[in-house]
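Asker: My questions are about this predicted structure, shown below with the sequence.
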Amino acid sequence: MLFFLLFLGLPLAVYILFVVSPFVQSFYYSLTNWSGLSPSMEFIGLRNYERIFNDPVFWKSLRNNLVLLAVLPTVTIVLAFALAVMVTIGGDTRGGVRGVRGAGFYRVVSFFPYAIPAVITGILFNFVYHPNGGLLNGLLNLPHDLLTRFTGSSPIPAVNTAWLGDQRYALAAVAFAIIWTFVGFYMVLFVAAIKSIGQEVLEAARIDGAGRFRTAVQIVAPMVRDSVSTALVYMGIFALDAFTFVSVMTPNGGTNNSTKVVSLHLYQTAFSDGRFGEASAMGVIMALVTMVVAVVVITLIRPKKADR
């Protein structure tokens with residue numbers, strides 16, 4: 001009995017205290033008009049939810065989250081898997097199955113962006129995207145500058161795009177910074193999963209005439225499905241948040257709310273507008289959306305009994 005209390009009861013109590021209890025408390029606050037500072041609050045039922053559903057900024061923010069949900073996991077996981085394959089089985093076809101030359105160096109370099117705090121990454125990309133003197137515009141202006149220097153004029157116009165200020169590019173610019181940050185981390189995750197595959201399986205595929213691409217898609221990918229499922233869930237959860245990058249790179253949500261996400265709208269509603277009840281309602285909605293996304297991803301990716 002003591003064993004169950006220590007190893008089951010204690011973790012369950014911690015989970016209820018730090019996970020279930022705050023969610024229940026947030027749901028209660030979402031049914032009130034609490035300002036966040038007032039010691040008293042009035043129960044107003046579902047009025048906060050009605051206000052949210054009639055709020056165009058919330059729907060624009062949710063649309064941005066859904067765009068990130070479609071782009072971030074897909075691009076990040078595909079790139080990370082491709083890099084993991086390259087450094088594990090993408091090497092010379094002679095001898096044993098191994099990665100490309102310098103695979104260890106590529107692992108370290110790819111993982112380095114993840115080691116940088118997200119706030120620092122956001123600030124760095126603010127400089128990269130700056131319309132005047134930013135690295136991106138500087139690279140795009142190289143042909144213009146070279147022609148101007150050697151011929152005195154250039155038919156190629158100069159680029160002065162404000163990447164984070166232009167609503168056509170702002171969300172994509174933020175997404176690129178996030179992808180750059182996380183690709184290396186998930187590459188390391190997939191490398192560990194691929195390393196757990198028996199060497200004889202990969203060598204047998206090579207003997208049967210399977211090329212690198214076919215081996216990666218038809219043999220390696222199904223065998224690391226659990227790791228892919230985990231990566232998709234975590235990237236999906238991050239895409240439904242993305243608060244740190246958006247708040248650092250576009251603190252006000254971008255031009256015409258082009259980069260605003262629900263977490264940033266929630267933060268501004270609570271701490272700038274003093275409507276903690278409404279902000280709690282947004283949190284409850286996003287928690288439910290996140291749980292639904294996680295369940296859908298796990299259900300679709302999880303192998304069927306016949307595949308096990």
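Answerer: Arrived safely, thanks for sending.

Asker: Buried residues of the longest helix along the chain, list them for me.
Answerer: Determined from DSSP state H, the single longest helix within the chain is helix 56-89. Buried residues in helix 56-89, counted by 16 or more other Cβ atoms under 10 Å: 58, 60-62, 64-66, 68-69, 71-73, 75-77, 79-81, 83-89. For glycine as for every other residue, the C-beta is placed from the backbone atoms N, C-alpha and C.

Asker: moving C-terminal of that helix, what's the next helix or strand?
Answerer: helix 103-115 (DSSP states H and E).

Asker: tell me which residues of the helix or strand just after that following helix are tucked away?
Answerer: Per DSSP H and E, the first helix or strand lying C-terminal to helix 103-115 is helix 118-128. Within helix 118-128, the residues that count as buried by 16+ other Cβ under 10 Å are 118, 121-122, 124-126, 128.

Asker: Taking these, tell me the two that lie furthest apart.
Answerer: Largest separation among the buried residues of helix 118-128 by Cβ to Cβ: Ala118 and Val128, giving 15.1 Å.

Asker: Distance check, Arg63 against Val261.
Answerer: 10 Å (Cβ to Cβ, to the nearest Å).

Asker: Ala103 now?
Answerer: Taking Cβ to Cβ, one finds Ala103 at 36 Å from Val261.

Asker: How about Ser280?
Answerer: With Cβ to Cβ as the criterion, Ser280 and Val261 are 17 Å apart.

Asker: Out of these two, name the residue with the larger neighbour count.
Answerer: Between Ser280 and Val261, counting by other Cβ atoms under 10 Å, Val261 is the more crowded of the two (31 against 24).

Asker: residues in contact with that one?
Answerer: Contact analysis of Val261 by Cβ atoms under 8 Å, 6 or more residues apart in numbering lists 61, 64-65, 68, 241-243, 246, 253.

Asker: The helix or strand harbouring Val14: what's the following helix or strand?
Answerer: In the assignment (DSSP H and E), Val14 maps to helix 10-15. Going down the chain from helix 10-15, the next helix or strand is helix 21-29, by DSSP H and E.

Asker: Go through the very next helix or strand once past that following helix and flag the buried ones.
Answerer: Once helix 21-29 ends, the next helix or strand along the chain (criterion: DSSP H and E) is helix 47-53. Residues 47-49, 52 are the ones in helix 47-53 that count as buried (16+ other Cβ under 10 Å).

Asker: Same list, these, but as JSON lines with pLDDT and distance to Ala287 please.
Answerer: JSON lines is the format used below for the buried residues of helix 47-53 (pLDDT from 0 to 100; distance: Cβ to Cβ, whole Å):
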{"residue": "Arg47", "pLDDT": "94", "distance to Ala287": "19"}
{"residue": "Asn48", "pLDDT": "94", "distance to Ala287": "15"}
{"residue": "Tyr49", "pLDDT": "95", "distance to Ala287": "13"}
{"residue": "Ile52", "pLDDT": "95", "distance to Ala287": "14"}
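
Asker: For the residues you listed, name the two members farthest from one another.
Answerer: Spatially, the most separated pair among these is Arg47 and Ile52, at 9.8 Å (Cβ to Cβ).

Asker: could you dump the helix or strand hosting Pro143 to CSV, C-alpha only?
Answerer: Secondary structure here is read from DSSP H and E; on that basis Pro143 sits in helix 142-151. These are the backbone C-alpha positions of helix 142-151, laid out as CSV (Å, rounded to 0.1, in the frame of the first residue of the first chain):
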residue,chain,number,x,y,z
LEU,A,142,24.4,42.6,-53.6
PRO,A,143,23.7,42.5,-57.4
HIS,A,144,22.4,46.1,-57.3
ASP,A,145,25.5,47.3,-55.4
LEU,A,146,28.0,45.5,-57.6
LEU,A,147,26.5,46.8,-60.8
THR,A,148,26.3,50.3,-59.4
ARG,A,149,29.9,50.2,-58.3
PHE,A,150,31.3,48.9,-61.6
THR,A,151,28.9,50.5,-64.1
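
Asker: For Tyr29, list the residues it contacts.
Answerer: Tyr29 neighbours (Cβ under 8 Å, 6+ apart): 41, 276-277, 280.

Asker: mind running it again at 6 Å?
Answerer: Residues near Tyr29 by Cβ atoms under 6 Å, 6 or more residues apart in numbering: 277, 280.

Asker: Equivalent analysis for the one 5 residues further on, please.
Answerer: Contacts here follow Cβ under 6 Å, 6+ apart; on that basis Trp34 touches 41, 276-277.

Asker: For the buried ones among those residues, write the corresponding ChimeraX selection.
Answerer: Command for ChimeraX that selects the buried part of the contacts of Trp34, burial taken from 16+ other Cβ under 10 Å:
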select :41,276,277
